[in-house]
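Visitor: Predicted model follows, preceded by the sequence.
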Amino acid sequence: MITPIELVIFDCDGVLVDSERLAVRLHVAVGADLGWPLTEAEVIDKFIGRSPLFNGEQIAARAGRAVAALWQEKFERLHRAAVDAELTPVDGILEVLDTLTIPSCVASGGSHDTMRRTLGRTGIHPYFEGRIFSASEVTNGKPAPDLFLHAAERMGVDPSACVVVEDSKYGIQAARAAGMRALGYAGGLTPAQWLQGPNTTVFHDMRELPALLAQT
């Protein structure tokens, strides 16, 4: 018997806010400036869905810690400006949140400071007040299951009764590792085939989410 869904866990970037496009563009630009040229596809593969700490370690391993520190400083400064000037909600997500009746929360690799800015800028923060969890609260970020298990525990829900809405391959892997069902949003930058696999339904339009939750 399938356990009914008691909690929807949303990723933030690329699921609630359309920030991944900004992040990819900025990583490409900063990498070009600092001597590590990357294509958009390479940025999506290496960085999207991972925590800032993990990405910093990747950059340090490739270019040294001084470059990694400068990269982070430049990226964060440019990202703040881009968020304030350009950031919008993911298409269709506000309609979903307005009608969602299942308890929900956010679990993201991003920092609380970043989520306050991105979710606040797009008007989404009030939907999740007091129910926002960051990878900074756990030992291992995605694709480890730690963050999703932490969110489920804090929300008082068994992992088997949770469904995760993710747009990155690392987030989907984390959901599976946590023993949770996954809905893989392929309407952004991540190719649909990267999200496919066990206990996962891939979809392309956020407006499909209510029907998928009813079926999952």
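Guide: It's in. Numbering: from 1, shown residues only.
Visitor: now the longest helix seen in the chain, how far from the centre of its chain.
Guide: Among the segments of the chain that qualify as a helix by DSSP state H, the longest is helix 65-86. What separates the centre of helix 65-86 from the centre of its chain is 18 Å, taken as C-alpha atoms, centre = their mean, to the nearest Å.
Visitor: Skip ahead from it and say which helix or strand is next.
Guide: Moving toward the C-terminus from helix 65-86, the next helix or strand (DSSP states H and E) is helix 93-99.
Visitor: which other residues reach that following helix?
Guide: 15, 16, 104, 123, 124, 127, 206, 207, 209, 210 (C-beta atoms under 8 Å, 6 or more residues apart in numbering). Bear in mind the C-beta positions are built from the backbone N, C-alpha and C, glycine included.
Visitor: among these, which ones are buried?
Guide: 15, 16, 104, 124, 127, 206, 209 (16 or more other C-beta atoms under 10 Å).
Visitor: What are the buried residues along the longest helix of the chain?
Guide: 67, 68, 70, 71, 72, 75, 78, 79, 82, 83.
Visitor: can you list the weak-confidence ranges in this structure?
Guide: 1 (pLDDT under 70).
Visitor: what ranges do the strands span in it?
Guide: 7-10, 104-108, 132-134, 162-166, 181-185, 200-203 (DSSP state E).
Visitor: Reformat those into CSV and put distance to residue 114 next to each item.
Guide: Converted to CSV, those look like this (distance: least, C-beta to C-beta, whole Å):
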stretch, distance to residue 114
strand 7-10, 15
strand 104-108, 8
strand 132-134, 9
strand 162-166, 17
strand 181-185, 19
strand 200-203, 26
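Visitor: Of all those, which one comes closest to residue 48?
Guide: Proximity to residue 48, assessed across the strands of the chain by C-beta to C-beta, is greatest for strand 162-166 (10.9 Å).
Visitor: With distance to residue 96 added, can I get the contacts of helix 93-99 in a markdown table?
Guide: Output for those, formatted as a markdown table (distance: C-beta to C-beta, whole Å):
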| residue | distance to residue 96 |
| --- | --- |
| 15 | 10 |
| 16 | 10 |
| 104 | 10 |
| 123 | 14 |
| 124 | 11 |
| 127 | 10 |
| 206 | 6 |
| 207 | 7 |
| 209 | 5 |
| 210 | 6 |
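Visitor: ok, so of the residues you listed, who is nearest residue 37?
Guide: residue 15 (28.6 Å).
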